[in-house]
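Peer 1: Kindly generate the corresponding structure for this input.
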Amino acid sequence: AAERAADAAAEAAEAPVLMLESGDGPWAWRSVRYDLYSFEKRRHNRFFEPLVAFPPSDEVEAPWQALHIELADSSTAQQAVGMMQHLGSVVQTAEGEWPREQYENASLRYEFSSAEDSVSTVTAAEAAGGSGDGGSGDGDTDALTISLCRFEGAGVGHKIWDSAIAMAIFQRSARGLANDLPPSPRVLELGAGAGLPGLDLARSAVARGGGSVVLTDYNQPLVDLLSANADKLPEGSASVAVRTLDWADAAARAELVADGNVDLLIGSDVCYLDGQVPLLTEVIVGIGANVTVITAPLTRPALSNLAAALGRTDGVAVEEFRVALVSSDAAAKGAACDNGGRVGAGGCGAVGDGVGRYGAIFRVLVIRQGEGG
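Peer 2: So this is what the prediction gives:
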C-alpha cells in the first residue's frame, strides 16, 4: 500500500500541464472551446497491475509527454494529438457578470458537439453565443445554461470545474456509457455541485432512453442551486430529483436505492484526499450501481488508491481511461475547427499561431459491479 501511494504521488508530481501559450488561459476567456481526447486505457485488478492499452511509439514515448515537454515544436504536438481519439467538444460561454467578482447573475452556457459534428466550423461569433453547430441560438434545446453562486456557504462546488466538463463530454461520446444503459435508466450523481454532467444527461433524456436523474450534494446552498438549475431544463428532459446527501449517512444512502437499482453513478473530482478513499469505496460498493464513472485530474493521487481499493473488491471491475481536455479561446482569431477538433492542423490553427491553448490530463474510472464486475 505504501509503495502504491508513493507511486501515485510521484506520478501526480510529474502530471503534465499543456500550456501552448502563456499568460492567459480558460479562466480568463469569456468563451472557451473544450476538446476531449482519449489515448490510454488501464485495467486495475485485485493486484493493482495496470495494463496499458495505448502502444507508445519510438518517436513519441507518450502523447501527453510530447505535448508537455516539446511545446515549441508544433509538429511534435500535432503528432501527439494525432495519436489520440477525439471524443467531442463543447463551447462554454460566460453570461452575466464578467469578470466574475460578486457572481451576480452569473451563469455558463454550454453548446456541445459530438466528435462527428466537430468537423464543422465554429466561428468566433457563433462561439460567443450565436448559432454554431453546437446550438442554434437561445431557443436551441441542445444549449444548456447552468447558474452559479458565490463561494461563501457553497464551497468549491459553486463553480464548474474542468473535471465536470470532461465528464459531460465523455458521457456523450462513443466511449461513454449512455448508449449501454437499459431503457428508463436510473442515474445518480455524487457531489453534483452546479450539476453540469447530471443535468446534461437529464436534458438528453439520458440518451433518449428516458429514465430519471438524482443529483446530490451536502451543502445546502448547492442543493438549492441544483434545484434552480433543474427547474430550467426544457420539456422532454428526464425527471430530476435533488437530494441532500452526507456520504457517511448509511441510512440516507440506503434511501437513495430503496426504489430500485441505480444503473449509472457519476462523480467528477469527488476524491481529493487519501482519507476519503475508504468512505467513497463504501459508498460506491454500497450503492451498487451497474456502472460508476468517476473523473478527476491526474494530479489527484487519491484516485489511484480508490481504483486500487475498488479493484481488490470482489465483484467489482475497474477500467481507467486517460483523456486530455484541451481548451482554446473561442473568440480568438483561428479558433474555428474544421478538422475533427485536432490541435495543430487545419482550421484549429497550428500551435503557436496566436490562439491560446491550455490542456490537462484527466483520469476516468469506469467501475462495473454485478454481472459487469
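Peer 1: Tell me which helix or strand in the protein has the weakest average pLDDT.
Peer 2: When each helix and strand of the chain is scored by mean pLDDT, DSSP states H and E, helix 124-127 comes last, with a mean of 31.
Peer 1: what's the following helix or strand after that helix?
Peer 2: Next in sequence after helix 124-127, counting helices and strands by DSSP states H and E, comes strand 143-147.
Peer 1: Just the CA trace of the helix or strand just after that next one, in CSV.
Peer 2: Following strand 143-147 in sequence order, the next helix or strand is helix 162-172 (DSSP H and E). Output in CSV follows, covering the C-alpha atoms of helix 162-172 (Å, rounded to 0.1, in the frame of the first residue of the first chain):
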residue,chain,number,x,y,z
ASP,A,162,-12.8,21.1,-15.7
SER,A,163,-13.5,17.5,-14.4
ALA,A,164,-17.2,18.1,-14.8
ILE,A,165,-16.7,19.3,-18.4
ALA,A,166,-14.5,16.3,-19.1
MET,A,167,-17.3,14.1,-17.6
ALA,A,168,-20.0,15.7,-19.7
ILE,A,169,-18.1,15.3,-23.0
PHE,A,170,-17.0,11.8,-22.1
GLN,A,171,-20.5,10.5,-21.3
ARG,A,172,-21.8,12.0,-24.6
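Peer 1: which secondary structure elements does helix 162-172 contact?
Peer 2: Under the contact criterion of 3 or more C-beta pairs under 8 Å, 6 or more residues apart in numbering; DSSP states H and E, helix 162-172 touches strand 31-44, strand 85-95, strand 107-114, helix 196-203, strand 264-268, strand 291-297, strand 316-329, strand 357-369. Quick note: C-beta positions are derived from backbone N, CA and C, even for glycine.
Peer 1: so can I have TSV of the ones you listed showing distance to residue 220?
Peer 2: Shown next, in TSV, are those (distance: least, C-beta to C-beta, whole Å):
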stretch	distance to residue 220
strand 31-44	30
strand 85-95	25
strand 107-114	20
helix 196-203	18
strand 264-268	19
strand 291-297	24
strand 316-329	30
strand 357-369	29
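Peer 1: By mean pLDDT, show me the worst of the ones you listed.
Peer 2: Mean pLDDT per stretch puts strand 31-44 lowest among the helices and strands packed on helix 162-172, at a mean of 77.
Peer 1: Give me the distance between the two termini of stretch 174-181.
Peer 2: 13 Å (C-alpha to C-alpha, to the nearest Å).
Peer 1: got a list of contacts for that stretch?
Peer 2: 38, 85, 87, 115, 170-172, 201, 204, 206-207, 209, 211, 263-264, 291, 293, 321, 366 (C-beta atoms under 8 Å, 6 or more residues apart in numbering).
Peer 1: State the distance from residue 328 to residue 271.
Peer 2: 28 Å (C-beta to C-beta, to the nearest Å).
Peer 1: What's the PyMOL line that selects buried ones from the contacts of stretch 174-181?
Peer 2: Here is the PyMOL command that selects the buried residues among the contacts of stretch 174-181 (16 or more other C-beta atoms under 10 Å):
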select buried, resi 38+87+115+170+171+172+201+204+206+207+209+211+263+264+291+293+321+366
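Peer 1: Return the distance of residue 282 relative to residue 290.
Peer 2: 18 Å.
Peer 1: From residue 38, how far off is residue 300?
Peer 2: The gap separating residue 300 from residue 38 is 18 Å, by C-beta to C-beta.
Peer 1: same thing with residue 242?
Peer 2: Distance, residue 242 to residue 38, using C-beta to C-beta: 31 Å.
Peer 1: can you check residue 164 too?
Peer 2: According to C-beta to C-beta, residue 164 and residue 38 sit 17 Å apart.
Peer 1: Residue 111 too?
Peer 2: Residue 111 is 21 Å from residue 38, by C-beta to C-beta.
Peer 1: now residue 173
Peer 2: Distance, residue 173 to residue 38, by C-beta to C-beta: 8 Å.
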